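K.L.:
compute the structure for the input listed below.
(one chain, ligands or ions: 1)
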Amino acid sequence: MPEGHTIHRLARLHRRALRGRTVRVTSPQGRFAGGAALLDGRISTGVDAYGKHLFYRWSDGPTLHVHLGLYGKFRGYGEAAPLPTAGTRLAMATDDATLHLAGPTACELLDPGEERRLRTRLGPDPLGRRPDPAAFLANLARRTLPIGAALLDQRVVAGIGNVYRSELLFLCRIHPDRPARSLTDTEASRLWAATVAQLRAGERAGRIVTVDPADVGRVRAWALPADQRVYVYKRAGLPCRRCGTTVVSWELAARTISACPTCQPAP
Ligand SMILES: [Zn+2]
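P.N.:
The predicted structure is shown next:
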């Protein structure tokens, strides 16, 4: 599933493509035909993201809400766009850009009240305009579930997915099984700071690179090959890049999590 950095990057790219333009909106697949007809021909006033949710705003009319979920995918084209596929739920086109969306979990219109209800269910977004650690610390302090599970709970923090949860806990030397509320304020603050820094870097780069290049004998992060970009995610059975201990993995919150037993001492 795309994590918050991908969603915020899409918001930035889509904002650039749509804002101030008249947008032709259709649903080639038909499942969003009613909503598309309502938006068709309106002027885009912007696109923003919160956690893993995208919001498309218009000169008037309701907001378009998109959540990609596990299978959703946007494809972007310039002037020459191919015909949409049979599965294209939503197509948005200006004179020089076209976006095709297929397979989303949500593609719906929201009125302001519905959007407010959606947002109140979400924790703080580390990629928000004023990322505030206080809400994150308070959410952890209230929860007994393992921190590795808490980081995937969008009510605790919005935007973290399976890759970043393993990597952030490794970077902060925190064992995933520790109860969320057992983290000290210092640990939780460092975890928040690392989350903001890592997701910002991921948004800029368009990929997840958590490894300090020096740890793999390189100079530049952007030049790291695919198998050297993370510390522990999908590296079970391989040596830790910092200490050489074998990385382990297990199921936590129905997804596989990885950790180094030496760098991240068990509770
Ligand atoms: Zn280690």
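K.L.:
any weak-confidence spans in the stretch 101-250 of the chain?
P.N.:
Low-confidence segments of the stretch 101-250 of the chain, defined by pLDDT under 70: none present.
K.L.:
show me which residues of the stretch 151-267 of the chain sit near the ion.
P.N.:
Contacts of the stretch 151-267 of the chain with the ion, taken as C-beta under 5 Å from the ion, map to 240, 242-243, 245, 260, 262-263. To be clear about C-beta, it is placed using only N, CA and C from the backbone, and glycine gets the same treatment.
K.L.:
by neighbours, which of these wins?
P.N.:
Within these, most neighbours by other C-beta atoms under 10 Å means residue 260, with 24 neighbours.
K.L.:
what about the nearest residue to it once chain neighbours are set aside, distance to residue 215?
P.N.:
The shortest distance from residue 260 to any non-neighbouring residue, by C-beta to C-beta, 6 or more residues apart in numbering, is to residue 240 (4.1 Å). To residue 215, residue 240 is 10 Å away according to C-beta to C-beta, to the nearest Å.
K.L.:
which neighbours do those two have in common?
P.N.:
residue 231 (C-beta atoms under 8 Å, 6 or more residues apart in numbering).
K.L.:
report how many residues lie close to residue 197.
P.N.:
Residue 197 has 14 neighbouring residues, counting by other C-beta under 10 Å.
K.L.:
helix or strand for it, just tell me which one.
P.N.:
Residue 197 belongs to helix 185-205 when assigned by DSSP states H and E.
K.L.:
residue 66 now?
P.N.:
strand 63-67.
K.L.:
re the thing from before, residue 194: which of the residues of the stretch 151-267 of the chain next to the ion is nearest?
P.N.:
Lowest distance from residue 194 to these (C-beta to C-beta) belongs to residue 263, with 13.9 Å.
K.L.:
so residue 246 touches residue 235, yeah?
P.N.:
No. Using C-beta atoms under 8 Å, residue 246 is not in contact with residue 235; the gap is 9.5 Å.
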